[in-house]
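A.B. asks: Generate coordinates for the sequence data below:
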Amino acid sequence: MTMPLTEEQLMIRSMVREFARKVVAAGAAERDRTKVFPADILNQMGELGLMGMMVPPEYGGSGSDAVSYVSALSEIAYACASTAVVMSVQNSIVCESLLHFGTEEQKKRFLTPLAEGEMIGAFAMTEPEAGSDPVSQQTTAVREGDAYIIDGTKRFITSGNHAGVVLVTAKTEPAARHKGISTFVVPKDTPGFKVGHQEDKMGLRASDTTDLIFEQCRVPADHLLGAEGQGFEIAMRGLDSGRIGIAAQSVGVAQAALDAAVHYIKNRSQFGQSVSKFQGVRWMVADMAVDIEAARQLTLAAATLKDRGETYTLQAATAKLFASEMVNRITGKAIQLHGGYGFTKDYPVERFYRDARVFTIYEGTSEIQRVVISNHILKDKRKG
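C.D. replies: Take a look at the predicted model:
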């Protein structure tokens, strides 16, 4: 059974599709080559209400549902995966965390400009020695009077160089393991906070990924997000939403790769006929289309549960695992269908292939998704 979209959801998807294919896609290849952050496009997306889609209007957002959000995100990813990942982190993790756990003052000061697209946000949990295991992070936050002093280094932070505010996890009670992790709202101009090394990446090259360094970074106590010790819960809730976002990105890139491949094989002749006439090629196209549709429905199903206010951790992990693995298969096949030309930068499938590779890694590797899924099936409770 497919997940039908409402008239409003279809209208949002249509609007974003037109914008993405006319505006976002136009400079995607050049941004990939030059590693230029899509600031102007993100500003336009803010004006369209795409940077805080699930945030209520009273805080500057569009008040859209999760199904509309993943549909819109897929369309942006179809045009430019680098732009889509910025949109995804902004909506799924940063805005959502502030909406659900922020004080009224935090929402007015930080959530509203984020949702309106006036400011970019980042989420900083990963560290040099703590990726899949967040409990091993070494960043600390020590209370001193009316402030916390944060020390540590975060790694692989999306939008780290352009973010005006960062949600930072740190240990406030190291002996308490995951229950001793807290989250802080840290503006970029906070003394002791600086941007470190920027990665030269394989894909998503127009989206900056950096180290963030905190050295005696003094953050006011009222910048604590939620309660002390609630940081792990905040992160896991944000990652559930983020994983739906990655699934949506995967669907968008995969659809772009399939469409590019279909266009190529229809216009390429070998052995006196169109390449699209060969049975082996047609079967490959059919398998690609089935894979994409399965990923799309898993993504919509997870988003629907989110809209209903139901627990969707399992469905988010399932969608993320299948869709991220799927897009790597699809982009690889798209290159194969292009033959030698697919291995060159003259055709977009080469970029799609590079962009897709990280989807099985960030916001929880495929292996971590399998742990989440199997724990739900086997009813194992996390220890610690």
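A.B. asks: Is residue 130 in contact with residue 137, as I believe?
C.D. replies: Yes: Residue 130 is in contact with residue 137 according to CB atoms under 8 Å; the separation is 4.1 Å. All C-beta spots, glycine's among them, are computed from the backbone N, C-alpha and C.
A.B. asks: okay, these two: which has more neighbours?
C.D. replies: residue 137 (24 against 18; other CB atoms under 10 Å).
A.B. asks: Need the pLDDT of the more buried one.
C.D. replies: pLDDT for residue 137: 93.
A.B. asks: cool, and residue 383?
C.D. replies: 48.
A.B. asks: what residue of the chain is the furthest out?
C.D. replies: When distances are taken from the C-alpha mean of the chain, residue 272 lies farthest, 44.3 Å away, according to CA atoms, centre = their mean.
A.B. asks: okay, and for this structure, where does confidence drop off?
C.D. replies: Counting by pLDDT under 70, the low-confidence segments of the chain come to 1-2, 380-384.
A.B. asks: longest helix of it?
C.D. replies: Counting residues, the longest helix in the chain under DSSP state H turns out to be helix 231-267.
A.B. asks: Following that one in sequence, what is the next regular element?
C.D. replies: Per DSSP states H and E, the first helix or strand lying C-terminal to helix 231-267 is strand 269-270.
A.B. asks: Just give the strands next to that next one in its sheet, each with its orientation.
C.D. replies: Using DSSP bridges, the strands paired with strand 269-270 in its sheet are strand 273-274 (antiparallel).
A.B. asks: From the rest of the structure, what touches the partner strand?
C.D. replies: Strand 273-274 is contacted from outside by 265, 266, 267, 268, using CB atoms under 8 Å, 6 or more residues apart in numbering.
A.B. asks: nearest residue to residue 134 other than its sequence neighbours?
C.D. replies: In this structure, residue 134 finds its nearest non-sequential neighbour in residue 125, 5.7 Å apart by CB to CB, 6 or more residues apart in numbering.
A.B. asks: looking at it, the one you found is touching residue 166, isn't it?
C.D. replies: No: between residue 125 and residue 166 there is no contact under CB under 8 Å: 10.5 Å.
A.B. asks: coming back round to it: by neighbours, which of the contacts of strand 273-274 wins?
C.D. replies: Tallying neighbours with other CB under 10 Å puts residue 265 at the head of the contacts of strand 273-274, with 23 neighbours.
A.B. asks: residues in contact with that one?
C.D. replies: 274, 275, 276, 281, 285, 337.
A.B. asks: run the last query once more with 7 Å
C.D. replies: Applying CB atoms under 7 Å, 6 or more residues apart in numbering to residue 265 gives the contacts 275, 276, 281, 337.
A.B. asks: which SS class is residue 143?
C.D. replies: Under DSSP: H, G, I helix; E, B strand; the rest coil, residue 143 falls in the strand class.
A.B. asks: List the beta-bridge partners for it.
C.D. replies: Going by DSSP bridges, residue 143 forms beta bridges with residue 148.
A.B. asks: ok, it to residue 112 distance?
C.D. replies: Distance, residue 143 to residue 112, using CB to CB, to the nearest Å: 28 Å.
A.B. asks: One more: residue 333?
C.D. replies: Residue 333 is 44 Å from residue 112, by CB to CB.
A.B. asks: between these two, who's got more neighbours?
C.D. replies: A direct count of neighbours by other CB under 10 Å for residue 333 and residue 112 places residue 333 higher, at 22 against 19.
A.B. asks: ok, now how distant is the more buried one from residue 202?
C.D. replies: When residue 333 is compared with residue 202 (using CB to CB), they lie 19 Å apart.
A.B. asks: Also residue 306?
C.D. replies: Plainly put, residue 306 is 31 Å away from residue 202 if you go by CB to CB.
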